[in-house]
Structure formats: C-alpha cells, structure tokens
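Asker: generate coordinates for the sequence data below:
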Amino acid sequence: MDQFQEQDFTTSLNLKIWKKIFYYMKPFKRHVILGIIFVVLIGVLDAVFPLITRSVLDYIGENLGKEIDLHIIGLFGLTFLIFTVLQSFFVYKFIKHAGTIEVELSYDLRRIAFEKLQSLSFNYYNNTPVGWIMARLTSDSRRLSEIISWGLIDISWGFMMMLSVMIIMFFINPKLALITLAVTPIILVISIVLRQIILRLYREVRKINSR
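Answerer: Numbering: from 1, shown residues only. This is a model prediction of the structure:
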C-alpha cells in the first residue's frame, strides 16, 4: 500500500460541511430548542445572583449599628433559595437535552458512516489505513456530536450571560462598564490566537493517531 497522505485543512470553517451536519440535527430539533431556552434562562439567573448578594450586603451595610429586620433578611434568603432551585432545575433539563443530542447524534453519524463504508470498493481499503478509518468513525463523530450539543448550547449561554451582565453593569455604573468593555477587543484577539494554536495542535495529534 502506498504511503497514505491525509488532506491538510487550511480553513477552520466550511459552511457546506456544516450544512450537511446540521441536516442530521433535524430529528433533534425539539431538544436543541429546549436546550437553548433552558441555558438562556441559566445565563440570566447567573447574572442575577450577584445582584441579590449585593442587595443583602447593601442592606446590612446601611443598617450597621441599627436593629436589622430579620424578615427582610429572610426574604432575601427565600429569594436566593427560589432562584437556586430554579437554576438547578434548568441545569438538569439542559444537561438532559444536550446529552440526548450528543448520544443520539453520535450514534446516527456512526451508523451513516458505517453504511457508507460498506458501499465502498476494496480498492479504498487497500489505500486507506485502518487507523484513519477508525479515527473518523469514533473520534471525529464523537467530537462533532459534542460540538453540536454542548458547544452550540454553551455559546447560547455565554452570549446571554454576557448580555445580561453588560446590561446590569450599565444600569449600575455606565463609566465602569465602558472601562470594562474597553479590554474586550484584547481578549477577543487573544482568544482567536489561542484557538488557532489549539486547532493546529489538535489536527497534528489526530494525524498521529490515524497512522
């Protein structure tokens, strides 16, 4: 068998490939929508929790040396408890839907890939290493299902979390909010550079495992 040369990918995003992948998500549309809804609610609650803590500390600070109304403290505690229970429920539902997408989508991708392999000629197997085929059927299908399930939902959570925090920051102190946002471009550039490095190293490791 001639030396197998794996294709080198120079781009990190191919819309045509992702359109095909999202096509296989149609059976899980309900899980995707519900997962995004629950994770958006989690993002909002994550941003609200510091406000509750801030209100409690402000109340105690304003009443130092005075008699503190335990009913108000109890109200804060009850509010915190309710929000905690809600967040726990939302996290449970989010994990349930995301996990369902990951497992079932990975199964479908492997089944479709296996059916495709059965239709290929013997010449394909003569020229393609078994390790490369197994890596595509196992590692890549699992990675794709993880990106689509947890990645897509995590992006929704991150976006909603940052949006909620940004709104709260501008509501509390617009000047400090602007100062905080001033470093955002720097963080964005660093993230892009690190992502490119991680992607390159990941592809190198995948090549080694495929041999």
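
Asker: tell me how far the longest helix along the chain lies from the chain's centre.
Answerer: The residue-count maximum for a helix in the chain (DSSP state H) belongs to helix 70-118. With C-alpha atoms, centre = their mean, to the nearest Å as the basis, helix 70-118 stands 12 Å off its chain's centre.

Asker: which helices and strands does it pack with?
Answerer: helix 29-62, helix 141-146, helix 152-172 (3 or more C-beta pairs under 8 Å, 6 or more residues apart in numbering; DSSP states H and E). C-betas here are computed from N, CA, C, even on glycine.

Asker: low pLDDT regions in the chain?
Answerer: The model of the chain has pLDDT under 70 over residues 1-14, 206-207, 209-211.

Asker: how is it partitioned into domains?
Answerer: Domain assignment for the chain, taken from automatic domain parsing, gives 15-172, 175-211.

Asker: so which of those is the most surrounded?
Answerer: domain 15-172 (a mean of 14; mean count of other C-beta atoms under 10 Å).

Asker: can you name the element that comes right after the longest helix of the chain?
Answerer: Per DSSP states H and E, the first helix or strand lying C-terminal to helix 70-118 is helix 122-127.

Asker: could you point out which element follows that next one?
Answerer: helix 130-135.

Asker: now for that next one, which elements pack on it?
Answerer: If you count contacts as 3+ C-beta pairs under 8 Å, 6+ apart, helix 130-135 packs onto helix 184-210.

Asker: packing partners of the helix it packs on?
Answerer: Using 3+ C-beta pairs under 8 Å, 6+ apart, helix 184-210 is in contact with helix 130-135.

Asker: still on that earlier bit, reformat the helices and strands packed on helix 70-118 as a markdown table; add distance to residue 205.
Answerer: Putting those into a markdown table (distance: least, C-beta to C-beta, whole Å) gives the following:
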| stretch | distance to residue 205 |
| --- | --- |
| helix 29-62 | 29 |
| helix 141-146 | 12 |
| helix 152-172 | 22 |
